[in-house]
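K.L.:
Dropping a prediction and its sequence here:
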Amino acid sequence: MTNIIFNLSSISMRMRQQGSALILALWVTSLLGLLMFGVISTVRLQNVLSHEELQRTKALIAAEAGIAIAVKMLLTEPSAIIADGRVYLFEFDKINLSVRLRSEHGKLDVNLSSLENFSKLLRSNHATPYQIEQLAQELRKRRNSAEPVKDLEELLEATSMTTDLYQRILPFVTLWSGRGMPDARFADEPLRLALNLKSVSRSMGNPGSAMSIEVQAELPDSYKAEISTTVLLGSTGTDDSLYRTVQWQER
């Protein structure tokens, strides 16, 4: 009887060992499967990212070409392209380009405008009375200390302006107009209304040398990328460039 019990115990032990081995094998197989799935997913993701990066690079290069086209026309055919916000369509290497130009003369110069007009712009963009008073005081303080705003993002960094308010006023402000009052011929309607500027014909007038250029490039597969830039036309005096870039943003 003892031998039978011993043999049954041995069989039971072997069965437990075999069961443990089977569980281990299944666990290893599952783990390898998960690892392989992770590797495959990573490779696929890298391929997608590589394709995305390639598409973005193509679109941005085309958008830069659109900027060059716009600058060339401004310098050689100024009457053919008007910097009042209207859209011009071009094609570059089978890529569709939408080009929009705005004269900085039509914007409110943060450093040169009256604080009253600055406050009017804030009010028209839904700033609270407290925000308006606070921001006007902060801008006055900078002017009194002879610290002009050198980059529009300083409105976020050096004042209490919120990101939301900054984004709302951004299309209407500049640092490069050289004017205390926006030129109504090139100002967008929301700014004209905010400052009570008279609407005048846009077909006449000098747009100046400071331009905002927005170019959206759309590839044949509908992928899109955009560049927004501000340029100062004319030789910089340091090289052969016909313009100088003072602001650049890619989206």
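P.N.:
Here it is on my side, so go on. Residues are numbered from 1 along each chain as shown.

K.L.:
Just the buried residues of stretch 75-85, please?
P.N.:
Ile81, Ile82, Ala83, Asp84, Gly85 (16 or more other Cβ atoms under 10 Å). The way it works is simple: take the backbone N, C-alpha and C, and place the C-beta from them, glycine included.

K.L.:
Could you tell me the end-to-end distance of it?
P.N.:
Using Cα to Cα, to the nearest Å, one end of stretch 75-85 lies 18 Å from the other.

K.L.:
Return the residues in contact with Leu233.
P.N.:
Val71, Leu74, Leu75, Ser209, Ala210, Met211, Leu242, Tyr243 (Cβ atoms under 8 Å, 6 or more residues apart in numbering).

K.L.:
roughly how far apart are the third one and Ser212?
P.N.:
Taking Cβ to Cβ, to the nearest Å as the measure, Leu75 and Ser212 are separated by 16 Å.

K.L.:
Next step: the buried residues of stretch 75-85 restricted to helices.
P.N.:
Among the buried residues of stretch 75-85, no member falls in helices (criterion: DSSP state H).

K.L.:
how about a markdown table for the residues you listed, with distance to Leu60 added?
P.N.:
Converted to a markdown table, those look like this (distance: Cβ to Cβ, whole Å):
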| residue | distance to Leu60 |
| --- | --- |
| Ile81 | 22 |
| Ile82 | 26 |
| Ala83 | 23 |
| Asp84 | 26 |
| Gly85 | 23 |
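
K.L.:
which of these lies closest to Ala65?
P.N.:
Nearest to Ala65, judged by Cβ to Cβ, of the buried residues of stretch 75-85 is Ile81 at 15.3 Å.

K.L.:
Which phi and psi values does the residue nearest to that closest one when sequence neighbours are not counted adopt?
P.N.:
What sits nearest to Ile81 in space, not counting adjacent residues and going by Cβ to Cβ, 6 or more residues apart in numbering, is Met73, at 4.5 Å. For Met73, the backbone dihedrals are phi -70, psi -40 (criterion: degrees, to the nearest 10).

K.L.:
Report the separation between Met73 and Ala80.
P.N.:
6 Å.

K.L.:
what residue ranges in the stretch 151-251 of the chain score low on pLDDT?
P.N.:
201-205, 235-240 (pLDDT under 70).

K.L.:
ok, 90 please
P.N.:
Along the stretch 151-251 of the chain, segments meeting pLDDT under 90 span 155-160, 185, 198-209, 234-243, 251.

K.L.:
how about the helices of it, start to end?
P.N.:
For the stretch 151-251 of the chain, helices defined by DSSP state H, counting those that start in this stretch occupy the ranges 154-157, 163-169, 189-195.

K.L.:
Show me the buried residues of stretch 75-85 that map onto strands.
P.N.:
Secondary structure from DSSP state E places Asp84, Gly85 of the buried residues of stretch 75-85 in strands.

K.L.:
And the buried residues of stretch 75-85, which is closest to Asp93?
P.N.:
When those are compared for distance to Asp93 (Cβ to Cβ), Ile81 comes out closest, at 20.6 Å.

K.L.:
How about the residue nearest the centre of the chain, nearest residue that isn't a chain neighbour?
P.N.:
Closest to where the C-alpha atoms of the chain average out (Cα atoms, centre = their mean) is Arg251, at 3.9 Å. Nearest in space to Arg251, with sequence neighbours left out and distances taken as Cβ to Cβ, 6+ apart, is Glu226 at 4.5 Å.
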